[in-house]
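Novice: Please work out how this folds:
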Amino acid sequence: MRTWRAVVETPDFSVRVVSCTARHHAWSAPEEGATNGIVLVHRGMFRVRSDGHRVVADPTTGYVQAPGREYAFAHPSGGDVCTFIQVRPSLWQAVVADDAPGPSVAVDGRVELAHRLLLRTGEDAADPAERLVHALAAAVRPPGEPGSARGDLADRAREAILEDDPDAADLVRLAEALGVSPSHLSRTFRRHVGMTVSRYRNRVRVSRALARIEQGEGDLAALAAALGFADQAHLTRTVRAELGHPPGRLRRLFSGGTAGQDG
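Specialist: Numbering: from 1, shown residues only. Have a look, this model is predicted:
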């Protein structure tokens, strides 16, 4: 079952939150995209297939929707929530210029933070949403090779990390589980994901830390231990490097405050 709610409506773009409760590994019937837009994941993970490309969508990777293209979906985990940012054609052309966007969008820590803050802003979110649209334009990747075996390998590695597969904690074990050499996995992953396996694993941990802080987690030492950081100081340094703010500032941002004080 799929439900949605509007967050922002302007003449140039709209923002809607879409929730899907269905859980299925099989691909859905194709749906035709009606407008230009970008989809970001707030919670969970699902798969998207279009024009021979496959994207594993999660909080670190969104995808581009284009009018006239068909999209099929699989929700192996169920319970995912995403944000659809629909963009008017003239604004879309202005932000992506003449470069045809690829199917996936790399979502770094600062874009993810902007996304989460946008969803908490509600009716006053038009300005934050416009900034997010322009930030995402810089993150849209050029199209890659559709349906390549190496792309599938990178997707399988990402899914193993996202699903907390025990073998995903180590490059050598992950490569063995996927039936390839560590060097081949390392090269392939970096080419298709844009970062190393260890860097991506760390990006996922920061995303989970951000979600927990948004939910009100206050025990940073326990959070660091739960997510595999060496200690609270390691968590704080990593979060600051990825998101531009330490955990204390993030708590104030999510509670409607400012980022003016350290913490």
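Novice: What are the contacting residues of stretch 151-162?
Specialist: Here stretch 151-162 makes contact (C-beta atoms under 8 Å, 6 or more residues apart in numbering) with 45, 54, 56, 58, 61, 144-145, 167-168, 174, 177-178, 180, 185, 188-189, 191-193, 197, 200-201, 204. Backbone N, C-alpha and C define where each C-beta goes, glycine included.
Novice: Just the ones of those residues in helices?
Specialist: Of the positions in those, 174, 177-178, 185, 188-189, 191-193, 197, 200-201, 204 sit in helices, assigned by DSSP state H.
Novice: which stretches of the stretch 51-200 of the chain form strands?
Specialist: 53-57, 61-65, 70-74, 80-87, 104-106 (DSSP state E, counting those that start in this stretch).
Novice: which of these sits most buried?
Specialist: A comparison of the strands of the stretch 51-200 of the chain by mean neighbour count, using mean count of other C-beta atoms under 10 Å, puts strand 61-65 on top with a mean of 26.
Novice: Can I get that strand in PDB, CA atoms only?
Specialist: Extracted in PDB, the C-alpha atoms of strand 61-65 (Å, rounded to 0.1, in the frame of the first residue of the first chain):
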ATOM      1  CA  THR A  61      21.300   7.300  -2.800                       C
ATOM      2  CA  GLY A  62      18.300   8.800  -4.500                       C
ATOM      3  CA  TYR A  63      17.100   8.600  -8.000                       C
ATOM      4  CA  VAL A  64      15.900  10.800 -10.900                       C
ATOM      5  CA  GLN A  65      12.400  10.500 -12.400                       C
END
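Novice: Could you tell me the angle between it and strand 53-57?
Specialist: 130 degrees (axes from the mean of the first three to the mean of the last three C-alpha atoms, to 10 degrees).
Novice: Quick check: the farthest pair among the ones in helices among the contacts of stretch 151-162?
Specialist: Ala177 and Arg191 (19.9 Å; C-beta to C-beta).
Novice: What segments of the stretch 1-150 of the chain are helices?
Specialist: Along the stretch 1-150 of the chain, counting by DSSP state H, counting those that start in this stretch, helices occupy 89-96, 109-121, 126-139, 149-162.
Novice: re earlier: so which of the ones in helices among the contacts of stretch 151-162 would you say is closest to Val105?
Specialist: Top of the list for closeness to Val105, among those and by C-beta to C-beta, is Val193 at 12.3 Å.
Novice: do you know how far that closest one is from Leu119?
Specialist: Separation of Val193 from Leu119 (C-beta to C-beta, to the nearest Å): 25 Å.
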